[in-house]
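Visitor: Have a look at this prediction, sequence included:
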Amino acid sequence: SLQAQVANYSSPVADGSYRIRIHTQDFRSFTPSVRPEGDVSLTGKLHYQAIANQSWLRNVSLDGQIRSEGLRAAASGRRVELGRLEGEYRLAGGNLKISDLSLDWLGGRLLATVEMNHLDATPESRVSASFENISLRAFEALSGVEPVPGAALAGALGGTADASWKGGMEKLRLRSDLTVRARAESTANPSATEVPVNGAIHVAYDGASGTIQLHDTALHLPSANLTAQGTISDHSALELQVVADDLHQLVALASSFRPGQNAPPAVSGKATLSAVVQGSVNRPNVNAQLHAQNLEVEGSEWSSAQLTFHANPSQLTIQNGSLVSAHKGHASFNASVKLRDWSYQPSDPVEARVAAQQMSIADLLEMANLHYPVSGDLTANLAFSGSQ
């Protein structure tokens with residue numbers, strides 16, 4: 001419905017008020033793949049003054065409120081539900097601003113401000129949003145991300161996001177600062193203890209260069225911390241570090257997410273894994289170092305263990321591997337395996353070299369969980385090459 005007064009027909013000037021109700025089901029024929037449902041209402045005031053050589057978008061101004069009690073849509077086999085929607089908008093001089101926009105979504109709430117300028121030319125857009133208590137389980141279902149086998153993630157996501165682009169979305173620039181308060185539940189063993197997963201994600205995306213940048217991103221588990229920093233692109237440079245302060249607890253937690261009731265391997269100690277990922281997303285190169293201290297493996301004791309490995313789609317190489325016994329003896333090793341697009345075939349070449357000095361045979365048997373009446377020390381130089 002519209003109420004308006006129009007004057008000066010040769011150069012019209014109009015003022016009035018309007019109430020619009022949009023029944024989205026009426027648009028199904030235009031969007032058969034989406035199938036929207038729900039009503040949207042727009043109420044406000046309008047002003048129009050014709051000015052020569054100026055587009056109608058610059059001649060018209062609108063002030064109003066947008067409301068909806070709920071919207072639904074089906075897209076790509078998934079159902080999207082939006083709860084209560086409220087906001088205010090103003091269109092003037094070819095610029096649109098939507099302020100105080102609030103939306104109940106994914107079990108939480110979204111607050112946003114939207115600005116779109118120069119609508120009659122090349123639009124420049126900016127969105128600032130904040131999230132409160134977004135359900136990770138609902139987000140996972142909507143995004144279509146495959147869940148981790150044996151695990152279900154629950155909890156909430158919060159934070160802020162700012163996006164801007166000029167013209168098409170291909171030049172989108174996005175920055176987001178998120179907090180995660182979650183728990184992982186075992187689907188294989190329902191009686192297993194829930195594992196809290198908390199952290200912060202700071203990410204920026206540049207659509208023009210196709211670059212994702214992470215900074216000061218960290219996830220915390222009861223027995224381990226993961227940090228990430230760097231860029232993901234056609235020329236990635238991403239640094240990752242995992243610090244496990246209690247390998248016994250970490251192994252026990254990981255084992256609780258596996259089917260069956262087999263006891264986890266007896267492992268304890270501390271370990272740090274540092275990795276750098278370079279190259280493209282499709283063909284990355286991974287360089288990593290693993291350091292472990294005060295290890296106990298199936299009753300055997302080791303002062304330290306370390307190795308460096310390099311991996312790419314065509315090869316996995318282990319270098320400078322060493323294992324030092326807590327009592328006496330040590331071993332060093334190197335190995336390489338050819339891969340085919342990250343896959344190993346029995347006919348692929350394999351090389352390995354091991355040099356052991358005064359290693360306790362009893363420690364080696366305990367580590368392998370073997371029980372033979374053999375004791376003494378082992379010194380050996382072993383080399384293997386060929387294929388499986």
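Guide: Looks like it arrived, so ask away.
Visitor: partners of the helix or strand harbouring Ile212, with directions?
Guide: Element membership for Ile212 (DSSP states H and E) is strand 211-220. When sheet partners are counted by DSSP bridges, strand 211-220 sits next to strand 195-206 (antiparallel), strand 224-232 (antiparallel).
Visitor: For the helix or strand containing Gln358, buried residues please.
Guide: For Gln358, the enclosing helix or strand under DSSP H and E is strand 349-360. Along strand 349-360, the positions that meet the burial threshold by neighbour count (16 or more other Cβ atoms under 10 Å) are Val350, Val354, Ala356, Met359, Ser360. The way it works is simple: take the backbone N, C-alpha and C, and place the C-beta from them, glycine included.
Visitor: Kindly report the same for stretch 123-143.
Guide: By 16+ other Cβ under 10 Å, the buried positions in stretch 123-143 come out as 123, 125-127, 129, 131, 134-137, 139-140, 142.
Visitor: Could you export these as CSV, including pLDDT and secondary structure?
Guide: Formatted as CSV, the entries for the buried residues of stretch 123-143 read as follows, by pLDDT from 0 to 100; DSSP: H, G, I helix; E, B strand; the rest coil:
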residue, pLDDT, secondary structure
Pro123, 91, coil
Ser125, 95, strand
Arg126, 96, strand
Val127, 96, strand
Ala129, 96, strand
Phe131, 92, strand
Ile134, 93, strand
Ser135, 91, strand
Leu136, 87, helix
Arg137, 84, helix
Phe139, 83, helix
Glu140, 79, helix
Leu142, 78, helix
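Visitor: Among those residues, which one lies nearest to Gly199?
Guide: Proximity of these to Gly199 was ranked by Cβ to Cβ; the top entry is Leu136 with 12.2 Å.
Visitor: got a list of what the closest one touches?
Guide: With contacts defined as Cβ atoms under 8 Å, 6 or more residues apart in numbering, the neighbours of Leu136 are Leu153, Ala154, Gly155, Ala156, Leu157, Val180, Ala182.
Visitor: switch to 10 Å and redo it
Guide: Leu136 sits next to 106-107, 152-157, 180-183, 197 when contact means Cβ atoms under 10 Å, 6 or more residues apart in numbering.
Visitor: and what of Asp120?
Guide: Neighbouring residues of Asp120 by Cβ under 10 Å, 6+ apart: Gln54, Ser55, Trp56, Leu57, Arg58, Gly93, Gly94, Asn95.
Visitor: With respect to Arg84, which of these is nearest?
Guide: Nearest to Arg84 among these is Asn95, at 26.9 Å by Cβ to Cβ.
Visitor: Pull the contacting residues for that closest one.
Guide: The neighbourhood of Asn95, defined by Cβ under 10 Å, 6+ apart, consists of Leu57, Arg58, Ser61, Glu115, Met116, Asn117, His118, Leu119, Asp120, Pro123, Glu124.
Visitor: Now the buried members of these.
Guide: Buried by 16+ other Cβ under 10 Å: Leu57, Arg58, Ser61, Met116, Asn117, Leu119, Pro123, out of the contacts of Asn95.
Visitor: The fifth one is in contact with Trp165, isn't it?
Guide: It refers to Asn117. No - Asn117 sits out of contact with Trp165 when judged by Cβ atoms under 10 Å, with a separation of 11.8 Å.
Visitor: Could you pull out the residues contacting both of these two?
Guide: Here Asn117 and Trp165 share the contacting residues Pro123, Glu124, Ser125, Arg126, scored by Cβ under 10 Å, 6+ apart.
Visitor: which residue is nearest the middle of the chain?
Guide: By Cα atoms, centre = their mean, the mean C-alpha position of the chain lies nearest to Ile201, the distance being 8.5 Å.
Visitor: Now that one: closest residue in space that isn't a chain neighbour?
Guide: In space, and not counting its chain neighbours, Ile201 is closest to Leu178: 4.4 Å by Cβ to Cβ, 6 or more residues apart in numbering.
Visitor: Mind listing the residues bridging to the one you found?
Guide: With DSSP bridges applied, Leu178 shows beta-bridge pairing to Gly159, Ile201.
Visitor: Now do it, the pLDDT please.
Guide: Looking at Leu178, its pLDDT stands at 95.
Visitor: And the one 3 residues further on, by the same measure?
Guide: Predicted confidence (pLDDT) for Arg181: 93.
Visitor: can you count the residues close to it?
Guide: The criterion is other Cβ atoms under 10 Å. On that basis, Arg181 has 14 neighbouring residues.
Visitor: roughly how far apart are it and Gly210?
Guide: For Arg181, the distance to Gly210 (Cβ to Cβ, to the nearest Å) stands at 31 Å.
Visitor: ok, now Val297?
Guide: From Val297 over to Gly210 (counting by Cβ to Cβ), the distance is 44 Å.
Visitor: Those two: who's more crowded?
Guide: Shown here are Val297 and Gly210; by other Cβ under 10 Å, Val297 has more neighbours (20 against 12).
Visitor: check contacts around Gln249.
Guide: With contacts defined as Cβ under 10 Å, 6+ apart, Gln249 is in contact with Leu221, Pro222, Ser223, Ala224, Ser268.
Visitor: ok, now with 7 Å
Guide: The neighbours of Gln249, taking Cβ atoms under 7 Å, 6 or more residues apart in numbering as the test, are Pro222, Ser223.
Visitor: What's the first helix or strand after the strand or helix carrying it?
Guide: Taking DSSP H and E as the criterion, Gln249 maps to helix 247-255. Scanning the chain past helix 247-255 towards its C-terminal end, the next helix or strand to appear is strand 267-279 (assignment: DSSP H and E).
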